[in-house]
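Q: here is a sequence together with a model predicted from it:
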Amino acid sequence: MDPAPPDDFRAAAWLADLRRAGQLLTRVPLPGDPAPPVPGAAARSLRVCPLVGALLGFAAGLVLVAADAAGLPAVAGPLLALAAAALLTGGLHEDGLADTADGFGARRTPAERLAIMRDSRIGTYGVLALGLALALKVAALAALAPVAACAALAAAGALSRATFPAVAIALPPARSDGLGAGLGRPSGATAAIALLLGLGLAATAVGPLAAARAAAAAAIATVALALLARRQVGGYTGDVLGATQQTTETAMLLALSTDPSVIGRWIGQP
């Protein structure tokens, strides 16, 4: 496992991090590193993952807006938007969610669960997790006006990927190889930058109050999944990070589609 990288704030370092994050999170063809990366460069690149996530969410949202402008049925827009997002990422996070659900759902030892998560075949728990996440996202997006849904996708795309450094700091890698072990341990500055960037992008997209509501939902989902990962496999893997992204994104879209007046009644406000 690589050590925490130096917190390089030069413009060239930010651009290199953005390129690495894009290579990690998307299928968009990007140029490779012109020179061998310094130790810990992969972990440092997590600080710009929220920006990549916002761009992915915004691109998916534009598909939703275009579908509405073309007069397609209300549910078609969200479905096409989520399909576009999956194409841009190669289904990376969805694969992580399915593998994590299959592994965590098995009544096995941690080592056997990790072996199940590495198996490319999908099981019952994986199918159920993917289907439930898709249905909840579509329901949430369909409840919003197209432009608001586009903004919600951008906000959720940013904040859901801002969780990666925090999970990688809070949990040890669950295995000695794979993405989790190869990623390295991010620095505290990397985690703080990712969080602030995610919050800033979300607030820009949906406004401060809605962003705070989404952030609360993301925090609850992230902590719950991190605690479950520690219990089930002893740490995190690349699949766990993907499952975290999908779980938090779903929770945030549901939070953003909820009528704020209903939340006010829950906490006793008029």
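A: That came through fine.

Q: in this structure residue 60 contacts residue 89, no?
A: No: in this structure, residue 60 is not within contact of residue 89 by C-beta atoms under 8 Å, at 9.9 Å. (C-beta placed from N, C-alpha, C; glycine too.)

Q: which of the two has more neighbours?
A: residue 60 (27 against 22; other C-beta atoms under 10 Å).

Q: so how far is residue 114 from the more buried one?
A: 31 Å (C-beta to C-beta, to the nearest Å).

Q: now residue 226
A: For residue 226, the distance to residue 114 - C-beta to C-beta - is 16 Å.

Q: residue 45 too?
A: 25 Å.

Q: got it, and residue 94?
A: From residue 94 to residue 114 the distance is 19 Å (C-beta to C-beta).

Q: name the helices or strands packed onto the lengthiest helix in the chain?
A: When the chain is parsed with DSSP state H, its longest helix is helix 208-233. Under the contact criterion of 3 or more C-beta pairs under 8 Å, 6 or more residues apart in numbering; DSSP states H and E, helix 208-233 touches helix 92-105, helix 110-118, helix 146-161, helix 164-170, helix 188-206, helix 238-257, helix 260-266.

Q: between the fifth one and helix 208-233, how big is the angle?
A: Direction vectors for helix 188-206 and helix 208-233, defined by axes from the mean of the first three to the mean of the last three C-alpha atoms, to 10 degrees, enclose an angle of 130 degrees.

Q: and residue 45 and residue 114? Which one has more around it.
A: Neighbours were tallied for residue 45 and for residue 114 using other C-beta under 10 Å; the higher tally belongs to residue 45 (29 against 21).

Q: who's in contact with the more buried one?
A: Contacts for residue 45 were tallied using C-beta atoms under 8 Å, 6 or more residues apart in numbering; they are 16, 17, 18, 20, 21, 24.

Q: you'd agree residue 239 is up against residue 100?
A: Yes: the pair residue 239 / residue 100 is scored as a contact, 4.9 Å apart, by C-beta under 8 Å.

Q: quick one, which of the two is more surrounded?
A: A side-by-side neighbour count of residue 239 and residue 100, using other C-beta under 10 Å, places residue 100 first with 32 against 29.

Q: residue contacts, that one?
A: 117, 129, 229, 239, 240, 242, 243.

Q: do residue 18 as well
A: Contacts of residue 18 by C-beta under 8 Å, 6+ apart are 45, 48, 51, 52.

Q: tell me, how many residues neighbour residue 121?
A: 9.

Q: just the one 4 residues further on next, same as before
A: By other C-beta under 10 Å, the residues close to residue 125 number 18.

Q: quick revisit: among the contacts of residue 100, which pair sits farthest apart?
A: 129 and 229 (14.3 Å; C-beta to C-beta).

Q: spatially nearest residue to residue 191, not counting backbone neighbours?
A: residue 165 (3.8 Å; C-beta to C-beta, 6 or more residues apart in numbering).

Q: any idea how many residues pack against the one you found?
A: Residues within reach of residue 165, counting by other C-beta under 10 Å, total 27.

Q: right, and it touches residue 185 too?
A: No: counting by C-beta under 8 Å, residue 165 sits too far from residue 185 to count as a contact (9.3 Å).

Q: what do these two both touch?
A: Joint contacts of residue 165 and residue 185 (C-beta under 8 Å, 6+ apart) are residue 43.
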